[in-house]
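Undergrad: What shape does this take:
(4 chains, ligands or ions: 4)
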Amino acid sequence: MSLPLLEANRLEKSFAGVRALRGVSMSLKPAEVLAVIGENGAGKSTLMKILAGVQSADSGELKVDGAARAFRSVGEALSHGVALIHQELNLAETLDVGANIFLGREPRRFGLIDERKIRSEARRYLDQVGLSIDPTTPLNALPIGQQQLVEIAKALSVNARVLIMDEPTSSLSGHEAQSLLKLIDTLRSRGVGIVYISHRLAEVEAIADRVEVLRDGENAGALQKGEICHAKMVSLMVGRELSQFYPHQTLAPGAAILDVQELRTATHPKHRNSLTVHAGEIVGIAGLVGAGRTELLEAIFGVNPPVGGTVLVQGFPLNTRSPQAVIKAGVALVPEDRKHSGLVLEMSVRENISLATLARDQRLGFLNREREQSLCQEMTSAMNIKTPSADQPVQFLSGGNQQKVVIGKWLAAAPRVLLLDEPTRGIDIGAKQEIYRLMDELASRGVGILFVSSELEEIIGMADRALVMHEGRIRGELKRAELSEESIMNLATGGDASHGSSIVQTASPFSL
Amino acid sequence: QKPTPISGNAETSKGTKKVAFVTNGVASFWTIAEAGVKAAGQDLGISAQTLMPVEGISDQKRIIEDLLTRGIDGIAVSPIDPANQTELLNAAAKRAKLITTDSDAPKSDRLLYIGMDNYKAGRMCGELVREAMPSGGSVMIFIGRLEQDNAKRRRQGVIDAILGRPENGDNFDGPNDVLEGNGFKILGTLTDQFDRAKGKANAEDALAKYPDIGCMVGLFAYNPPLILEALAQAKKINSVKVVAFDEDDATLDGIAKGTVHGTVVQNPYLYGYRSVEVLKKLVEPSSSEAPTEKFIDIPARQIRKDTVEAFRADLQSKLGTKK
Amino acid sequence: MKKILGILALLIVVCILTACLSSSFLSAYNIENVLRRSALFGILSIGVAFVIITGGIDLSLGSVVCLVGCALPWLLTVQHWPLSLAIPTVAALSIGIGLAHGLLVTKLRIQPFIVTLCGLLLYRGIARGFTRDQTVGFGNEFKPLRTLATGKIPFLPGFDIPAPLIFLVVVAIVAAIFLNRTIYGRYLLALGRNPQAATYSGIRTERMTILAYVISSGLAGLGGALFVLDVNSAQPVDFGNFYELYAIAAAVLGGCSLRGGEGAIVGVLIGAALMQVLRNTITLVTEKNNVEFAIIGAVILVGVIADELTRRIAYRRRTAQALRQTITSEA
Amino acid sequence: MKKILGILALLIVVCILTACLSSSFLSAYNIENVLRRSALFGILSIGVAFVIITGGIDLSLGSVVCLVGCALPWLLTVQHWPLSLAIPTVAALSIGIGLAHGLLVTKLRIQPFIVTLCGLLLYRGIARGFTRDQTVGFGNEFKPLRTLATGKIPFLPGFDIPAPLIFLVVVAIVAAIFLNRTIYGRYLLALGRNPQAATYSGIRTERMTILAYVISSGLAGLGGALFVLDVNSAQPVDFGNFYELYAIAAAVLGGCSLRGGEGAIVGVLIGAALMQVLRNTITLVTEKNNVEFAIIGAVILVGVIADELTRRIAYRRRTAQALRQTITSEA
Ligand SMILES: Nc1ncnc2c1ncn2[C@@H]1O[C@H](COP(=O)(O)OP(=O)(O)OP(=O)(O)O)[C@@H](O)[C@H]1O
Ligand SMILES: Nc1ncnc2c1ncn2[C@@H]1O[C@H](COP(=O)(O)OP(=O)(O)OP(=O)(O)O)[C@@H](O)[C@H]1O
Ligand SMILES: [Mg+2]
Ligand SMILES: [Mg+2]
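TA: Ligands and ions are numbered 1, 2, ... in the order given. Got it, this is the predicted structure:
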């Protein structure tokens, strides 16, 4: 048995008011993929940040190659070959892609940065993650999914011995996630030790050699290669079995509640997209990263005004240049990028939840504090948001709990049409089911739901109907009965609707 | 460098009377006055302090208010805007003996004014210009700012004397007017808001714009040296006449060397000294010799090459007493 | 709140020290003076605080003070306009300036620093232009109008409340209610932190930002009018010079972050008062006023550093204690 | 790059207009003068650009100019120090100031605005203190030293290169290489907008930030020395007043964003030159220099607005064209 690359013993970490880690231990061997799973707020990210020198533990021991170490900075961790892909994107927006990949480790010639080498090397790593963009593209011109891939390319370029990935696939679609898993496989065969965090248990099942489960900042059990299965992981995480994962029952759809006609967005003005959502219907939108799903939702919502087309809600046209008007008409959007569009990170949980409904609940322009308070309580319990208090700034919540705050904020608005963009991004399995249940409940109350997801499983499980986008265009529509991974992937990669199921998917080891 | 002797903290020396000298800004002119204030304070045994407002009129108001709070006995002030400060000055005159210096506020309750007439001094400066250019020519005027009463009057005096107008202290030509007459052409007046780099740039730009300019007149103490700098760099040091105001070292050097035709000097040292002297008489009730006149004239003088060395020696001895 | 405590402590320390060193500090006359000055600067600081809360900055404030401060006496005494016309004109002027700033910042997306820097240069220049660089003032007229700034309201025997303080109290109360109790205040705080998230929440961020600039210029106009009514004359060259820095400093000292989204009116008031008390202290206690600014700078710096250090020590102590408690309670 | 084109166009337009309106503008003498002034301000602007790129601000620059500008002649002519001691002293002084700013900003996390505002108040106060408010200058001495600022290097017949331009060119080239070609420049750009991302990439952000403040104060010191060598005397009360605003304006006009992470040295140079050309234009072309600042403000504002509008129109035309093409190609 080889010496562990990395070993952590009885790590403790507290923040003001929260004990995030209470004596957590773990170890990682070379050429091993260790999956770390746990509910939102279990302490996964905190543990990883300590391993990578971003934060330091209050107490406990860290060993690299059997020797005790305490990383005081990211630089130290990197020099010991430990690299971390953060749960939240951490890239320098004003630099280009190549500069980001090599940030802090620029190749030099005569003391100056060797731009040519950066370009050629960056292209290599971008190829590895399947991103065919020019390394001189400014980073802020990329959508979030592609930024995530850049982040991964950056971690690869470290040539680390220990690569920690904190929910790397949370904003990737199945296709990209698959190629990432392939990449992990290659790295493993080169002897790299990998820590892999994900709420997508199928991925974990497919890739992990060992699973470590955290609950409330403590080790809650481990699974060896042979024992890894969905049910066991869930029960270790949640502490009970979960039954009937996708609760949605198709109802007879009501009248058309959202009617999008020939909508043209700014980036894909040549495509005219039309779609209809009926009351009580859940419509999914699938597609690859950059397929234009986010853009479509943002165009409907008015934050990214369309260049043509009309949107009707209950038969009345929307002013798609004004989000206020769209919100007034009863439409809500849970955006994909919670850090930039969803939350005011420095504000409290309460203030974030009430932000979109302040105008509705105002009294002559004054805040309605009781209403604000009660809304917050309602949503915290409905969404099971784990926070020490309603006054906690959301930036101190775990990623998944932040996502729940965003959803709570828009549920509070009691919309007639709910647009969800990757609503379960980074959400643990228990909470996911909670969200699915809420979606089902809203649908049964006559709300029309249009949701974008990169998790095919979720689309198949929840959608009454799915639209599949490819390069800015709705390529086809699949009825609930027609929904399958093959049929969706075929359309998403530009295939034809009529032969959906007949095209054989390239065999993949991971059935996503 | 021994620390400046200060005649005790205001609170601790209840016995001695306290007087203050409030300037209209910060300038080397006022540092000479401060030397006079200090010398008088020591000679006469009275606590005398000089305060220089940095931010113009509201700052001057604040300083006077705070002095009154401290229970000052006498104030000499150079009001920035006499016409509109009557109220403040009257309020001060109620709580302390108030005199004006350098710039008068005739409508207020001040007891007397010590100083000179800036218009007349300006005329003396204008006469120097005519002396420097007997056959006329073009003249550019350089000054810190034009909104101060003394600056306005001084500049007008220069203009009126050059153009050969009769004395009339109440007419003001606009700052941008080009004026001609008497064989002279006044090209304009450039201000710099006390920014020296700008003052030098003004002189340079004037040389660029009027390569055949005849005479440059610097009306604030630091203007003539900046003009000399610009001329030296343009290699025009002897081809353009310079007429100055005040007694900057470089100005006096220039006069001695012949690069500056002459300057008009006031006597700030005496402003300071006499102010304290008069205030002492006013605040000490025992004093039998309280001044009765309303105006103590401390006239300006023209300094030319023949008188510059004597003047400089006198000035240095006065400032030397301070060092 | 915690941010304010530090600056409040500093203010109190400075007051106590000054009172010990100079018996005149606590005289009714002096307190009235300091209150009046703090009130005038407080009004400016509250205005700029709103802009700072949106993550912007307003450098034009001193020049707006100058413009209004010169325009008011100029219209009244040189142009002989009636009061009923002059006052609305200067009010419209300052509000219009704020509107223009807001529109340039939001609609044309020009950086607030640039917009208001141009304003700083422009408005003073305009004032110098129409006054032809002459001092303007009220002379002996408009006494009733001037009581708005110079008047006193008897309060205690021997102690009157200076009129500007009334203005300040009204402005501060309205501002505090607006910021903390209305949805608009909440909107400002949200968009200052994250304008994108605010837009996605259906907030009209542009309107709110424009409003902040209007408040800032409007209060600068009010301040300018009160300043000129107080000192009775204005020189366009230096009237209100550097006031933007004092106002911004007061706001930042009082807890506003220049990155936006943070700020409390009480803090801003304390910040403004601190600056004025310090200046008063220096004239009362020392014989030198040429190092006045050096002393102010040093006191603020030392105060801020002390505040930061105490906060750190307190934080360390708290976490250590919390850890000890949880460990003992678990044991 | 596009950001710079707008301001470059504005500079060219202003130059052409001035040349048409005044024959003296293109005289060798005038060009030399404008180059010398632009060089002096350019040095300050490059310094502050580094701080702006880190997302900070340096308001103390004008006061550092004042401190060094007063200290150099004071040490040499009043204290009679030898040159070999005075020069290292003022250099150490300005670098020390930058170091102090950097440490306060990074280690104590005090807002840059506050730190450098205190600096603004403090350093001028110190200069006023040790000079006792006296004007200090070189008089007729130190001519060789002064050629550093006033000297000229023959270039073309009738046209000499002013010495400060040499300093500027060296500083600018070093700065541009540093910013664009070395890892440190890259780090500065990275940490300016997103310090967290930079930290997570293993960059020592604090050191880099401190370095930026040192560069800023160091160049302000160099600028201050050159300024006083050029004008030959300094009055501590107003020497360098407002220079921080000009420098920051030049940097921001030249494409630096006050939110950090963006900036190019060439742009900063163009920005600094624009300000100086405008001032020159006003003296050469108009008879009014009391509205000088108003004109500068207005020109900058109009320029920035025009830049923004042309960019929008160009963008709209491009998208419209793209749309038309796709539509026709589909048809
Ligand atoms: N900087 C911080 N300040 C205060 N509390 C924090 C901070 N960072 C994390 N926490 C708290 O620590 C706990 C663990 O958070 P962590 O981010 O490690 O969870 P996680 O397991 O990664 O969850 P998720 O799956 O949602 O990402 C949470 O309760 C969180 O609120
Ligand atoms: N700010 C932008 N600038 C330029 N192009 C953009 C921008 N945002 C999005 N795009 C382009 O628009 C297209 C659609 O992006 P969008 O974010 O809508 O895709 P998506 O299907 O939601 O995928 P993702 O999983 O990345 O969110 C992409 O090709 C992307 O390159
Ligand atoms: Mg996490
Ligand atoms: Mg998307």
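Undergrad: make it CA atoms for all contacts and neighbour counts henceforth
TA: Fine.
Undergrad: Can you report how many residues neighbour B:L252?
TA: B:L252 has 26 neighbours, counted by other C-alpha atoms under 10 Å in any protein chain shown.
Undergrad: That one and B:F311 touch, don't they?
TA: No - contact criterion C-alpha atoms under 8 Å: B:L252 and B:F311 do not qualify, at 9.1 Å.
Undergrad: What is the burial count for whichever residue of the stretch 201-323 of chain B sits closest to ligand 2?
TA: Residue nearest to ligand 2 within the stretch 201-323 of chain B: B:A201 (47.2 Å; C-alpha to the nearest ligand atom). Number of residues near B:A201 (other C-alpha under 10 Å) recorded here: 24.
Undergrad: Show me the strands in the stretch 401-512 of chain A, by range?
TA: Remark: strands assigned in the stretch 401-512 of chain A by DSSP state E, counting those that start in this stretch are A:417-421, A:448-452, A:465-470, A:473-479.
Undergrad: Point out the most buried one among those.
TA: Mean neighbour count (mean count of other C-alpha atoms under 10 Å in any protein chain shown) peaks for strand A:448-452 among these, with a mean of 27.
Undergrad: on that earlier part again, now check the helix or strand containing the residue of the stretch 201-323 of chain B closest to ligand 2, is it near chain D?
TA: Element membership for B:A201 (DSSP states H and E) is helix B:196-209. Yes - using C-alpha under 8 Å from any C-alpha of the partner chain, helix B:196-209 comes into contact with chain D via B:196-197, B:200-202, B:204-206, B:208-209.
Undergrad: could you point out which element follows that helix?
TA: According to DSSP H and E, the helix or strand after helix B:196-209 is strand B:215-218.
Undergrad: do that next one and chain D meet?
TA: No - applying C-alpha under 8 Å from any C-alpha, one finds strand B:215-218 separated from chain D by no less than 14.9 Å.
Undergrad: Which other helices and strands does that strand contact?
TA: Packing partners of strand B:215-218 (3 or more C-alpha pairs under 8 Å, 6 or more residues apart in numbering or on different chains; DSSP states H and E): strand B:137-143, helix B:223-234, strand B:241-245.
Undergrad: now the helices: where do they sit in the stretch 1-150 of chain B?
TA: Using DSSP state H, counting those that start in this stretch, the helices of the stretch 1-150 of chain B run over B:28-44, B:56-70, B:86-95, B:118-132, B:149-163.
Undergrad: Which one of these lies nearest to D:G263?
TA: helix B:56-70 (37.5 Å; C-alpha to C-alpha).
Undergrad: quick one on the thing from earlier: format the helices and strands packed on strand B:215-218 as JSON lines; extra columns: distance to chain C and mean pLDDT.
TA: Listed next are these as JSON lines, based on distance: least, C-alpha to the nearest C-alpha, whole Å; pLDDT from 0 to 100:
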{"stretch": "strand B:137-143", "distance to chain C": "13", "mean pLDDT": "93"}
{"stretch": "helix B:223-234", "distance to chain C": "18", "mean pLDDT": "89"}
{"stretch": "strand B:241-245", "distance to chain C": "22", "mean pLDDT": "94"}
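Undergrad: Indicate which one of these is closest to B:I46.
TA: Among the helices and strands packed on strand B:215-218, strand B:241-245 sits nearest to B:I46 (C-alpha to C-alpha), with 32.3 Å.
Undergrad: quick check, distance from that closest one to the centre of its chain.
TA: Averaging C-alpha positions (C-alpha atoms, centre = their mean, to the nearest Å) puts strand B:241-245 16 Å from its chain's average.
Undergrad: that older thread, common neighbours of B:L252 and B:F311, please.
TA: Residues touching both B:L252 and B:F311 (C-alpha atoms under 8 Å, 6 or more residues apart in numbering or on different chains): there are none.
Undergrad: The strands of the stretch 401-512 of chain A: which one's closest to chain C?
TA: Comparing the strands of the stretch 401-512 of chain A against chain C with C-alpha to the nearest C-alpha, the closest turns out to be strand A:417-421 (12.4 Å).
Undergrad: strands paired with that closest one, and their directions?
TA: strand A:331-334 (parallel), strand A:448-452 (parallel) (DSSP bridges).
Undergrad: want to try TSV for those strands, with mean pLDDT and distance to ligand 1 as columns?
TA: Shown next, in TSV, are the strands paired with strand A:417-421 (pLDDT from 0 to 100; distance: least, C-alpha to the nearest ligand atom, whole Å):
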stretch	mean pLDDT	distance to ligand 1
strand A:331-334	94	17
strand A:448-452	94	20
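Undergrad: Now render those strands as a markdown table, adding distance to C:Y213.
TA: Output for the strands paired with strand A:417-421, formatted as a markdown table (distance: least, C-alpha to C-alpha, whole Å):
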| stretch | distance to C:Y213 |
| --- | --- |
| strand A:331-334 | 30 |
| strand A:448-452 | 39 |
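Undergrad: can you tell which of those is closest to D:V228?
TA: The nearest among these, by C-alpha to C-alpha, is strand A:331-334 at 60.2 Å.
Undergrad: which residues of the stretch 201-323 of chain B score low on pLDDT?
TA: Judged by pLDDT under 70, the stretch 201-323 of chain B has its weakly predicted residues at B:286-290, B:320-323.
Undergrad: one more time with 90, if that's ok
TA: Applying pLDDT under 90 to the stretch 201-323 of chain B flags residues B:201-202, B:204-212, B:220-222, B:229-230, B:232-238, B:246-250, B:253, B:266-268, B:281-299, B:312-323.
Undergrad: how about the residues of it near chain D?
TA: Checking the stretch 201-323 of chain B against chain D by C-alpha under 8 Å from any C-alpha, the hits are B:201-202, B:204-206, B:208-209, B:226, B:229, B:233-234, B:249-250.
Undergrad: What subset of those is buried?
TA: Buried subset of these (neighbour count, 16 or more other C-alpha atoms under 10 Å in any protein chain shown): B:201-202, B:204-206, B:208-209, B:226, B:229, B:233, B:249-250.
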